[in-house]
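# Sequence plus the predicted model coming up.
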Amino acid sequence: MKSVKDFHPHPALRNAHLMTIAAAFWQRRFPRLPAGVSRSFDIEAGTRVQGDCHWQERPRQHPTLVLLHGLEGSSESHYVLGTAEKAVHAGFNVVRLNQRNCGGTEHLTETLYHSGRSGDIGAVIRELIERDRLPEIFAAGFSMGGNLVLKMAGEFTGSAPPALRGVVAVAPALDLAACADALAERRNFLYERHFVRSLKRSMRRKAQLYPQRYGAAVFNGAMRGIRTVREFDDAITAAFSGFRDADDYYARSSAMRVVAQIRRPTLILSAKDDPFVPFATFGRAEVRENLSIRIVAPQYGGHCGFISRESGEERFWCEARIVEFCLEHSDSAIH
């Protein structure tokens, strides 16, 4: 692999929490990203997911990048839009994919989304290959989405379609239990509170659509006592998704379980100072000894932040690196 450009943080954002929060609130516009075309993908009986697609004039002559957001994000998350803009400008088709229930798609399935549903993005990629006959597909995910794309790549093992050319994971939560424990630390109470409030709001919307399935758990006050993501996963995610409890959910849904089996070029971008994705998880033998995986770990960057001291295309460093990696491993892209 080519050398990766060093990350130099914005001088005001060397603090991990400032970097993480600034990335969420930074005012951004995307003038070079054309309007997307909405498309639904059939995943299984009674379940569809929705994406926003940006097609080049002759899609089959261009590589395609599928982007997957993180927990309680959507295809409209700024890091997704920013990466899409750079990729479209570089000659890629781009699919900004919503996970189940995200981006206002709760009506497309009765089920919930969670960190183990790697089959969803796998089904989307298979459809793009088989129905659209796209010759080169890349997948990139952020945080929870990073776990999902790594898990998908590991589950393919030796049967990965040749058209899947590479995977990028930014701050992937590939050890879900470790991330839940880190979120519960006192220094991370703002993130924990944000995620819990958002997850509860999402469940209220879901229960309004499917009251027979979720109404009792949501409207009888059972959610009121939930204060942490682990408690939410124990009471809601695990209970309604076929897991024994949160521990079972984390163990079966973490990409760490299959990451050693990845055989496609893979790039992991994660900051050493990420507040709630412990960097120690990337030192595990399953990750470190896999020759298909390259880890790039700047000292600074927060969680999916990586706001650099440079302006223009390099302001959001990891977005540029995603496109750079995909260009490197594409045969059809214009280098």
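Good, I have the coordinates. Numbering: from 1, shown residues only.
# switch to C-alpha atoms for all contacts and neighbour counts from now on
Fine.
# can you give me how far stretch 297-308 is from the chain middle?
Stretch 297-308 has its average C-alpha position 16 Å from the chain's average C-alpha position, going by Cα atoms, centre = their mean, to the nearest Å.
# what's the answer for stretch 309-327, then?
So, by Cα atoms, centre = their mean, the centroid of stretch 309-327 is 17 Å from its chain's centroid.
# Name the single longest helix found in the protein.
Ranked by residue count and defined by DSSP state H, the top helix of the chain is helix 189-209.
# who touches that one?
71-72, 106-107, 183-184, 213-215, 218-219, 223, 226-229, 232 (Cα atoms under 8 Å, 6 or more residues apart in numbering).
# now this protein, which segments are flagged as low pLDDT?
Within the chain, the segments meeting pLDDT under 70 span 1, 333-335.
# run the last query once more with 50
Scanning the chain for pLDDT under 50 picks out nothing.
# Look up how far residue 214 lies from the residue located most distally from the centre of it.
Going by Cα atoms, centre = their mean, the residue of the chain most distant from its centre is residue 220, 32.2 Å out. According to Cα to Cα, to the nearest Å, residue 220 stands 10 Å off from residue 214.
# Just the buried ones out of the contacts of helix 189-209, please.
Using 16 or more other Cα atoms under 10 Å as the burial test, the contacts of helix 189-209 include 71-72, 106-107, 183-184, 214-215, 218, 223, 226, 228-229, 232 as buried.
# Identify the farthest-apart pair in those residues.
107 and 184 (31.4 Å; Cα to Cα).
# so where do the strands sit in the stretch 51-200 of the chain?
Using DSSP state E, counting those that start in this stretch, the strands of the stretch 51-200 of the chain run over 64-68, 93-97, 137-142, 164-170.
# Would you convert these into JSON lines that also reports mean neighbour count and distance to residue 270?
Shown next, in JSON lines, are the strands of the stretch 51-200 of the chain (neighbours: other Cα atoms under 10 Å; distance: least, Cα to Cα, whole Å):
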{"stretch": "strand 64-68", "mean neighbour count": "29", "distance to residue 270": "16"}
{"stretch": "strand 93-97", "mean neighbour count": "27", "distance to residue 270": "21"}
{"stretch": "strand 137-142", "mean neighbour count": "28", "distance to residue 270": "10"}
{"stretch": "strand 164-170", "mean neighbour count": "25", "distance to residue 270": "6"}
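# JSON lines for those strands, including distance to residue 43?
Shown next, in JSON lines, are the strands of the stretch 51-200 of the chain (distance: least, Cα to Cα, whole Å):
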{"stretch": "strand 64-68", "distance to residue 43": "15"}
{"stretch": "strand 93-97", "distance to residue 43": "13"}
{"stretch": "strand 137-142", "distance to residue 43": "17"}
{"stretch": "strand 164-170", "distance to residue 43": "18"}
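# and residue 76, what is it in contact with?
Here residue 76 is in contact with residue 103 (Cα under 8 Å, 6+ apart).
# Look up phi and psi at it.
phi -100, psi 0 (degrees, to the nearest 10).
# Let me know the distance separating it from residue 120.
For residue 76, the distance to residue 120 - Cα to Cα - is 19 Å.
# Repeat that for residue 330.
24 Å.
# Could you check which of the two has the larger neighbour count?
The residue with more neighbours, out of residue 330 and residue 120, is residue 120; 23 against 19, by other Cα atoms under 10 Å.
# Other residues contacting stretch 291-301?
With Cα under 8 Å, 6+ apart, stretch 291-301 has contacts from 4, 6-7, 9, 14-16, 19-20, 262-274, 282, 287, 306-307.
# Inside strands: which ones of those?
266-269 (DSSP state E).
# Nearest to residue 126 among these?
Nearest to residue 126 among the ones in strands among the contacts of stretch 291-301, with distances taken as Cα to Cα, is residue 266, at 18.6 Å.
# Specify the beta-bridge partners of the closest one.
Legend: beta-bridge partners of residue 266 under DSSP bridges are residue 167, residue 293.
# Look at it and say how many residues are nearby.
25.
# if I look at it, how far off is residue 312?
26 Å.
# Enumerate every residue touching the residue most central in space within the chain.
With distances taken as Cα atoms, centre = their mean, the residue of the chain nearest its centroid is residue 145 (1.9 Å). Taking Cα under 8 Å, 6+ apart as the contact definition, residue 145 lies against 68-71, 115, 169, 172.
# okay, these in JSON lines with distance to residue 153 next?
JSON lines is the format used below for these (distance: Cα to Cα, whole Å):
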{"residue": "68", "distance to residue 153": "14"}
{"residue": "69", "distance to residue 153": "17"}
{"residue": "70", "distance to residue 153": "17"}
{"residue": "71", "distance to residue 153": "19"}
{"residue": "115", "distance to residue 153": "14"}
{"residue": "169", "distance to residue 153": "11"}
{"residue": "172", "distance to residue 153": "13"}
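# Let me know the closest of the residues you listed to residue 130.
Taking the contacts of residue 145 together and measuring to residue 130 by Cα to Cα, the closest member is residue 68, at 20.2 Å.
# residue contacts, the spatially closest residue to that closest one that is not a sequence neighbour?
Distance criterion Cα to Cα, 6 or more residues apart in numbering; nearest residue to residue 68, sequence neighbours excluded, is residue 141 at 4.5 Å. Shown in contact with residue 141 (Cα under 8 Å, 6+ apart): 67-70, 147-149, 168-170, 172.
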